[in-house]
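J.: Need coordinates for the following:
(one chain, ligands or ions: 1)
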Amino acid sequence: MAQALLIRQLQLGELGNFTYIIADPASKEAFVIDPSAPPAGILGPLKKEGLTLKGILLTHGHYDHVVDTGMYDVPVYLSRAEAVFYTPAAKNLVRTADAEKIALGALTVECLHTPGHTPGCQCFYIDGNIFTGDVLFVDAVGRTDFPGGSADTLFESLQRLKRLPGATVIWPGHHYGRAAHASIAALRRSNPFFACDSLAEFREYTG
Ligand SMILES: [Fe+2]
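T.: Here you go, the predicted structure:
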C-alpha cells in the first residue's frame, strides 16, 4: 500500500498564516501551498527532509498567501477566475480550472473552485485532505467584505465542501480555532458558520 501524503504545517509571516509543504513520500516530490514568508524559511525545511519542490499551489491571491511567488522557478498554480482579479507575480503562472488535476509523484491534487472570499478561491483535495485557504477555518469561515467577496457565493462553496467525506481533514490558511486542523465531520458539529444549512441564516451570521 502506498504511504500517505506527507504534510508539514508551518506558521509563518506577518499574519502568522499557515503555509504547507505537501509531498509524495515515495518520489519525494513536493508542493508548497500558500507561501506566507520569503522562500528561505520554506525551502530550508523542505530541503532538510530531502524533498524536491515541483510547484506552488495558491488558494487565492491575497498578499499574505503569495509572498515572493515571483522568486520561484517552478510552476505557480492559481485559479483562472482569480488570475483576472488578483494576479501575483510568477515566472510560470498556470491558470487552473475547476476539477483540474495536478500530479504530485504518484498522488493527485484536485482543484475545487470555491469562490466567495475572493472570486477565484480554490481548495486543493489530495488523499483525504483538503487545503482550504481562507474559505474555511476550524472555528470560522472566510471574510466576504474584500473586493470581489460574496457571502451568498461563499455559502454555496461551503455546501460543496460539506459533501466531502466526513473523515476528510481540513487544513486552513490561518489558525482561527481551537485546533490547527480538524475533520469535516467535526466542523459540522463545532463550527456554526459551516454547520449552517440555510442561506438566510448564514447571511445573518456573516452580515
Ligand atoms: Fe484571503
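J.: what are the phi and psi angles of the nearest residue to Thr108 once chain neighbours are set aside?
T.: Nearest residue to Thr108 in three dimensions, chain neighbours excluded: Lys101, at 5.1 Å (CB to CB, 6 or more residues apart in numbering). (C-beta placed from N, C-alpha, C; glycine too.) Dihedral pair for Lys101: phi -110, psi 140, per degrees, to the nearest 10.
J.: Residues of this structure that sit close to the ion?
T.: 62, 134 (CB under 5 Å from the ion).
J.: Let me see the ranges of the strands in the chain.
T.: Per DSSP state E, the chain carries strands over the ranges 6-12, 17-23, 29-33, 52-57, 76-79, 93-96, 101-104, 107-113, 122-126, 129-133, 169-172, 182-183.
J.: quick one on the thing from earlier: state the number of residues packed around the residue nearest to Thr108.
T.: 11 (other CB atoms under 10 Å).
J.: That one: what's it in contact with?
T.: The contact partners of Lys101, taken as CB atoms under 8 Å, 6 or more residues apart in numbering, are 108-111.
J.: make it 10 Å
T.: For Lys101, the contacting residues are 108-111, 125-126, by CB atoms under 10 Å, 6 or more residues apart in numbering.
J.: For the residue lying closest to Leu43 once chain neighbours are set aside, the count of nearby residues, please.
T.: Spatial nearest neighbour of Leu43, chain neighbours left out: Leu53 (6.8 Å); criterion: CB to CB, 6+ apart. Number of residues near Leu53 (other CB under 10 Å) recorded here: 19.
J.: Against Gln11, how distant is Leu53?
T.: 20 Å (CB to CB, to the nearest Å).
J.: if we can go back for a sec, now, of the contacts of Lys101, which are buried?
T.: By neighbour count, with 16 or more other CB atoms under 10 Å, the contacts of Lys101 hold 109, 111, 125-126 as buried.
J.: Determine which two of those residues are furthest apart.
T.: Cys111 and Ile126 (10.3 Å; CB to CB).
J.: so what's in contact with the two at the same time?
T.: Common neighbours of Cys111 and Ile126 (CB under 10 Å, 6+ apart) are 57, 101-102.
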